[in-house]
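> what's the 3D shape of this:
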Amino acid sequence: MSDFAKLPQPPYYAVIFTAQRTKDDEAGYQRMAVHMDELAAQQPGFLGSHSTRSADGFGITVSYWRDRAAIAAWKRQGEHLHAQQLGKDKWYARFSLQIAKVERAYDFQK
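The predicted model follows:
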């Protein structure tokens, strides 16, 4: 996504997913990434996301959620479970995930 997520006033939660991609199945990965973005946006409690990836395959995605229950439901969602397994099997050399509670937020724009 290229736009800033329109987020509510805190508190809310951020899921920070950092990953190093493999070179395997780029087209399949791209299709799944688009589908997961669309599917996440339909989940109760989803607030938005930001994502970036460098040319060497290192990427960070931050998704924002109303509460921990919404995050847990997304983690268990069937198609997302399938995508997670594909990620482990072929798309990621390494990844890490953190969940953080956002208690304060501000932004700047010219």
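
> can you point out the buried residues in the longest helix belonging to the chain?
Assignment by DSSP state H gives helix 26-41 as the longest helix of the chain. For helix 26-41, a neighbour-count test (16 or more other C-beta atoms under 10 Å) marks Y29, M32, A33, M36, L39, A40 as buried. All C-beta spots, glycine's among them, are computed from the backbone N, C-alpha and C.

> who's in contact with A83?
M32, H35, M36 (C-beta atoms under 8 Å, 6 or more residues apart in numbering).

> hmm, who's touching stretch 32-47?
1, 5, 7-8, 12, 49, 51, 63-67, 69-71, 73-74, 77, 79-80, 83, 86, 91.

> try 6 Å
L7, Y12, Y64, W65, R66, A70, W74, E79, A83 (C-beta atoms under 6 Å, 6 or more residues apart in numbering).

> for it, what is the distance to the chain centroid?
Stretch 32-47 sits 9 Å away from the centroid of its parent chain (C-alpha atoms, centre = their mean, to the nearest Å).
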